[in-house]
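J.: Give me a model of this one.
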Amino acid sequence: MELLLLSNSTQHGHGYLEHALGVVTGFVPSGGTLVFVPYALDDHDAYTATVRAALEPSGITVRGVHEAGDPVGALTGADAVFVGGGNSFRLLRALYATGLRDALGGAVRGGLRYMGASAGTNMACPTLRTTNDMPIVEPPSFAALGLLPFQINPHYLDPAPGGTHMGETREQRLTEFLECNDVPVLGLREGTWLRVSGSRAELGGALPARLLRRGQEPAELPAGSDVSVLLSASPAFDS
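T.: Model prediction:
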């Protein structure tokens, strides 16, 4: 499989996808067709227009899966699919409702390149249990696409130095997840991504990632790290 999983699509001081445009255009080469899945936001047309404006100047044709009335059929003939960010619960519910949850998994395993950002990156995991989002709707299941055998936490945040906020930190919340589920969690900070090509997985971006495992101290993994070992994880979820 070929996967590009971004922590975020918008970065402070940059336009949409601008911070990762080099890796995106390398993943979806000029002249290619990218099918966009906009269901994580409410206005599908406006969201698709944003992606077009960001990528079509690089020679990438963008089609929204919702535009032809057949979301599953829209995958046919595409070079890549991009599942955009927003609310992970709304996105997953729509994937089930449209038939894309099963169709995407089969197409990507069959060679369709998959790019995700934020909620779209969550969808590549076994479940959405490590999302940061509020459950504004209820999908039929928490089971996502399962393209990876481990979990990702996009937008991973470190505690603010000297901060007085008494709520749980992101690390504490993910530790709670690990108390119930024996599955590695890769925290991707803003401006970073995971690139998977076949049996190889590598971190990209300017910042390190945070890897959390049950019973182990969290580890900092610098950009460029080979994390292919995670592709052989054997997840155990609490049902």
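J.: Let me know the pLDDT of the spatially most central residue of the chain.
T.: Residue closest to the average C-alpha location in the chain (Cα atoms, centre = their mean): Thr121, at 0.7 Å. Thr121 is assigned 98 on the pLDDT scale.
J.: again with Thr169
T.: The model reports Thr169 with a pLDDT of 89.
J.: got a list of contacts for the helix or strand encompassing the residue nearest to the centre of the chain?
T.: Element membership for Thr121 (DSSP states H and E) is helix 119-123. For helix 119-123, contacts defined as Cβ atoms under 8 Å, 6 or more residues apart in numbering pick out 5-7, 37, 40, 82-88, 91-92, 95, 104, 116, 128, 130-131, 133, 144-145, 152, 154, 188, 194. C-beta: built from backbone N, CA, C; applies to glycine.
J.: Now, of the residues you listed, which are buried?
T.: Buried members of the contacts of helix 119-123, counted by 16 or more other Cβ atoms under 10 Å: 5-7, 37, 40, 82-88, 91-92, 95, 104, 116, 128, 130-131, 133, 144-145, 152, 154, 188, 194.
J.: show me where the protein has helices.
T.: 21-27, 44-55, 88-98, 100-109, 119-123, 170-180 (DSSP state H).
J.: From Arg173, how far out is the closest residue to Asp238 other than its chain neighbours?
T.: The shortest distance from Asp238 to any non-neighbouring residue, by Cβ to Cβ, 6 or more residues apart in numbering, is to Cys180 (4.2 Å). Relative to Arg173, Cys180 is positioned 12 Å away (Cβ to Cβ, to the nearest Å).
J.: Then Gly69?
T.: With Cβ to Cβ as the criterion, Gly69 and Arg173 are 39 Å apart.
J.: So which of the two has more stuff around it?
T.: Taking other Cβ atoms under 10 Å, Gly69 and Arg173 do not tie; Arg173 has more neighbours (13 against 8).
J.: Please report the separation between the first and final residues of stretch 133-143.
T.: Length of stretch 133-143, first residue to last, Cα to Cα, to the nearest Å: 15 Å.
J.: Relative to the whole chain's centre, how far out is that stretch?
T.: Offset of stretch 133-143 from its chain centre (Cα atoms, centre = their mean, to the nearest Å): 16 Å.
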